[in-house]
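1. Following is a predicted model, sequence given first.
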Amino acid sequence: MKGVAAALALVGLALLPQRADALSKDDIIELCNGFPGNTIRIGVVTKGNLEKTLARWPATFETYLQEELADYGCNTTMVPLDFDVITPYTRDQEIDFIFPNPSAFVDLKEQFGINEFVSVKRNFAPQGSNETQELDQFGGVVVRAADRYTNINTFADLKANPQTMRVCAVKGGAFGGWHIQWYEMLKAQIDVDTHFGTGGGDHAAFLANVADEAANGSDAKVGGVYFIGNHELALQYTMVNRTCDIGIARTETIEGQVEDGVYTFNDVYTISDKQVELGFPQYISTPLYPEWPLARLAHVPVDMEQVLSIPLLSMDKESEPAVIGKHAGFGFPYSYEPVREMSIALEIFDCDLGYERQAEFPKQCDACEPGYYGRVSPVTGLRICSPCPVGTYTAQGATASTMCMACEDGETTSSEGSVEGACTQEPYDFTTIAMFIAVPVAFVIAMMSLNILWLRCVLKRQMTISETFQHIFQMFKSMGKFAFGCADLITDIIVVVNALRNDSYAAYHQAYWAIGCLAFVASAIDLYISVAIYHTTMQYLAGDHEKITQKVQKSMKGYQRRGSLRAPDSPMGSQVAVEVAQMDHRRVWNLLLQKLLMQEKGTAGLLLLVEDIPMICMALVVAGLEASRDCVELPGGLIVFLVSFGASCLFGGHRFFIASGFFGQVGKYDRAFAKAVGVPAKLSSSNNGAMPVYSDDDFSGELRLVSSVSPKGSAARGSAKVRPLVGGDEGKHGKQ
């Protein structure tokens, strides 16, 4: 008999595609050696009755399996598990296999990926019969004492008669002793939290309420669901002690207690009895579900399923271990999907991704419709269905989608929740480009408008069109110079900082750092000159001629020291004193501007010598030295190094162009100085000889700004006054 069972087991294993080929003896020995002490730990859920578990299951999971695996050096040990420790033992891998109830199995499979490979078969012999039946499914019972609550025969009757009742179940995590019956009550729209009363609790709370009722009368009775701890006590309190009004347990419990003489079948009434309907040999109030599985934990090699399956599937139902365990061996398991659907309805765990819990009672899971996809709600943490965002879609007619597909480049959808075929050509969006253009332009216009308004307030008159345009031109030019100087300064800072951070001990890095410091100082000077040019222009336009005059007077002293300022008809060595305060303000400003431009070009040449040329040379040297090391030691890394090198080349070319005009700018400065102090004014016919007005020929042409206009509209330019230092004569030109 055992040989036939073993052959059938091997055939069954061969038919399963996920099973490996037959293992050799050496393969099994190697697998057994992978367990600490060559011992396989099998956890068995006790159902709240440790004594009964220890009496039934060691013969199967220890004695029988050790005998079958002795040739391979494998040992097995059984680990009893109460409901409260199933999850931590599985999570912490304190066991290798587990024999749980179906709801615990589904929960552990969801959390830790355990895998079932066989399930137990129960032996059952009806009372008075010598023939046994193999049962690979089971259910639950909901019972009352036969002579109590005789108006309650179905779950519908239970729903129609809400009253204070003590309901005795096994445990909150018990499948046959609570979950199955709870699910049937849920389908009958019975809210177990309130229907029987607001009480409930554990075994101790139950005993306390029973004692309180005995002492103070029925008014002290508190209804609710009480978890007694095991199946037998739940039914005993209902039929014998009568302290429970409704008893809940798994199938086979009634038959076992009747066989033990605890009560008779006549003492029991099964609510919503389905025994005849299902053709099941035991009292039952619920649908049938698969029997308990034996499952492998995720850390155990999958081939160990085959190692244990063969002896368990070939076990004879009349063997001693089977008789002691009151089972008929093991078989291949049914699908546990019905158990999973029940757990979802009871909200023990959530729907699959791509499904959403429906609002109706009971709360089953519905697949996401076409155009919707499954995701986890960030608020509730539950899986929900959401419409595909604009630009994405699901396949036509597809349900339970877990993701949306994106339209091709240049295409989009008109709304959320679209399906395949809804993608259309996307209209070009100029918003981003417009923002990049509009924001800077708006900023510049705003700044210019505020600046012009400020000048008008200072001048206390309206600016002419020529003044306005010249002011705008100067602002653009100054902003460009300022931006250029800031960019140069930033790159110098990057060079210095990164040279300090990366391998500062290397000689060429120290040189890189030193050049960066020099460049930093020169760049700061260059930036200062740019700001000074803009500031001087603003002073002139604002009519602040006194400050400009003071700056020019300093320049005059420099010329006097050099002996460059001489009267045309004076003896050699004599000098003249120029009354700058009486000079034309436009010529004075132009003189100062030419001086600043000369300094700017000189500074550009200095930067070219101390920064750009050394930086470019050092960069080439460093790149050559680091090329053999994949450029891992470049100051600041490859990207920063390339940016710095490119900036040095760009700035160097620009500064070379500026510095090349230095000597020409020196000549412009000298001519501007000569005009400021020695060019006579020319009377213009347009002013009727009232005030001298200079023609365009009198200026260098670098920047032509119209000078101030008097409130009456006439020109208000001053004339240059030159007076010899010796003698009382008014000089060659006289007074204008």
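-> Perfect, I can see it now.
2. Run through the helices of the stretch 201-350 of the chain in chain order.
-> Remark: helices assigned in the stretch 201-350 of the chain by DSSP state H, counting those that start in this stretch are 203-216, 231-239, 253-259, 275-278, 303-313, 320-325, 337-345.
3. Show me the one of these that comes nearest residue 449.
-> Closest approach to residue 449 among the helices of the stretch 201-350 of the chain (Cβ to Cβ): helix 337-345, 66.1 Å. Quick note: C-beta positions are derived from backbone N, CA and C, even for glycine.
4. tell me which strands and helices that closest one is in contact with?
-> Counting contacts by 3 or more Cβ pairs under 8 Å, 6 or more residues apart in numbering; DSSP states H and E, helix 337-345 packs against helix 102-112, helix 180-187, strand 289-290.
5. Select, out of these, the one closest to residue 143.
-> Using Cβ to Cβ, the helices and strands packed on helix 337-345 put helix 180-187 closest to residue 143, at 10.2 Å.
6. Need the mean per-residue confidence for the closest one.
-> The pLDDT scores in helix 180-187 average 92.
7. Mind checking what helix or strand follows the biggest strand by length in the chain in sequence?
-> For the chain, the longest strand by residue count, based on DSSP state E, is strand 115-124. Where DSSP states H and E defines the elements, the next helix or strand beyond strand 115-124 is strand 133-135.
8. Whatever helix or strand comes next after that next one - which strands sit beside it in the sheet, and in what orientation?
-> Under the assignment DSSP H and E, the closest C-terminal helix or strand after strand 133-135 is strand 137-138. Applying DSSP bridges, strand 137-138 is found paired with strand 289-290 (antiparallel).
9. Same list (the helices of the stretch 201-350 of the chain) but as JSON lines, adding mean neighbour count, mean pLDDT and distance to residue 426.
-> Output for the helices of the stretch 201-350 of the chain, formatted as JSON lines (neighbours: other Cβ atoms under 10 Å; pLDDT from 0 to 100; distance: least, Cβ to Cβ, whole Å):
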{"stretch": "helix 203-216", "mean neighbour count": "15", "mean pLDDT": "94", "distance to residue 426": "65"}
{"stretch": "helix 231-239", "mean neighbour count": "25", "mean pLDDT": "95", "distance to residue 426": "65"}
{"stretch": "helix 253-259", "mean neighbour count": "19", "mean pLDDT": "93", "distance to residue 426": "67"}
{"stretch": "helix 275-278", "mean neighbour count": "12", "mean pLDDT": "92", "distance to residue 426": "60"}
{"stretch": "helix 303-313", "mean neighbour count": "21", "mean pLDDT": "94", "distance to residue 426": "53"}
{"stretch": "helix 320-325", "mean neighbour count": "18", "mean pLDDT": "92", "distance to residue 426": "68"}
{"stretch": "helix 337-345", "mean neighbour count": "19", "mean pLDDT": "88", "distance to residue 426": "40"}
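10. mind listing the strands for the stretch 1-150 of the chain?
-> Along the stretch 1-150 of the chain, counting by DSSP state E, counting those that start in this stretch, strands occupy 39-45, 75-81, 97-99, 115-124, 133-135, 137-138, 140-145.
11. which outside residues touch the shortest one?
-> In this structure, residues lying in contact with strand 137-138 by Cβ atoms under 8 Å, 6 or more residues apart in numbering are 122, 176, 250, 251, 252, 288, 289, 290, 291, 334.
12. and the two most separated of those?
-> For these, the farthest-apart pair by Cβ to Cβ is 252 and 334; their separation is 17.7 Å.
13. of the two, who's got more company?
-> residue 252 (21 against 18; other Cβ atoms under 10 Å).
14. Compute the distance between that one and residue 234, please.
-> 14 Å (Cβ to Cβ, to the nearest Å).
15. and what of residue 107?
-> Using Cβ to Cβ, one obtains 22 Å as the distance from residue 107 to residue 234.
16. okay, the helix or strand hosting residue 658 in PDB with CA atoms only?
-> Residue 658 belongs to helix 637-659 when assigned by DSSP H and E. The C-alpha trace of helix 637-659 is given here as PDB (Å, rounded to 0.1, in the frame of the first residue of the first chain):
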ATOM      1  CA  GLY A 637      36.400  66.700 -10.900                       C
ATOM      2  CA  LEU A 638      36.200  66.400 -14.700                       C
ATOM      3  CA  ILE A 639      33.000  68.500 -15.200                       C
ATOM      4  CA  VAL A 640      34.200  71.400 -13.000                       C
ATOM      5  CA  PHE A 641      37.600  71.300 -14.600                       C
ATOM      6  CA  LEU A 642      36.200  71.400 -18.200                       C
ATOM      7  CA  VAL A 643      33.900  74.300 -17.200                       C
ATOM      8  CA  SER A 644      36.900  76.200 -15.700                       C
ATOM      9  CA  PHE A 645      39.100  75.500 -18.700                       C
ATOM     10  CA  GLY A 646      36.400  76.700 -21.100                       C
ATOM     11  CA  ALA A 647      35.700  79.800 -19.100                       C
ATOM     12  CA  SER A 648      39.500  80.600 -19.100                       C
ATOM     13  CA  CYS A 649      39.600  80.300 -22.900                       C
ATOM     14  CA  LEU A 650      36.500  82.400 -23.400                       C
ATOM     15  CA  PHE A 651      37.500  85.100 -21.000                       C
ATOM     16  CA  GLY A 652      41.000  85.100 -22.300                       C
ATOM     17  CA  GLY A 653      39.900  85.700 -25.900                       C
ATOM     18  CA  HIS A 654      37.500  88.500 -24.700                       C
ATOM     19  CA  ARG A 655      40.200  90.200 -22.600                       C
ATOM     20  CA  PHE A 656      42.800  90.000 -25.400                       C
ATOM     21  CA  PHE A 657      40.300  91.900 -27.600                       C
ATOM     22  CA  ILE A 658      39.800  94.500 -24.900                       C
ATOM     23  CA  ALA A 659      43.500  94.800 -23.900                       C
END
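17. Show me what it is packed up against.
-> On a contact count with 3+ Cβ pairs under 8 Å, 6+ apart, helix 637-659 meets helix 465-501, helix 585-607, helix 613-626.
18. again, 10 Å this time
-> helix 465-501, helix 507-541, helix 585-607, helix 613-626 (3 or more Cβ pairs under 10 Å, 6 or more residues apart in numbering; DSSP states H and E).
19. Identify the residues contacting residue 206.
-> Under the criterion of Cβ atoms under 10 Å, 6 or more residues apart in numbering, the neighbours of residue 206 are 166, 168, 199-200, 222, 224-229, 233-234, 237, 243-244.
20. which stretch among the helices of the stretch 201-350 of the chain comes nearest residue 96?
-> With Cβ to Cβ as the measure, helix 303-313 is the member of these nearest residue 96 (7.7 Å).
21. Next, the contact list for residue 442, please.
-> Here residue 442 is in contact with no residues (criterion: Cβ under 10 Å, 6+ apart).
22. so which helix or strand takes in it?
-> Going by DSSP H and E, residue 442 is in helix 431-459.
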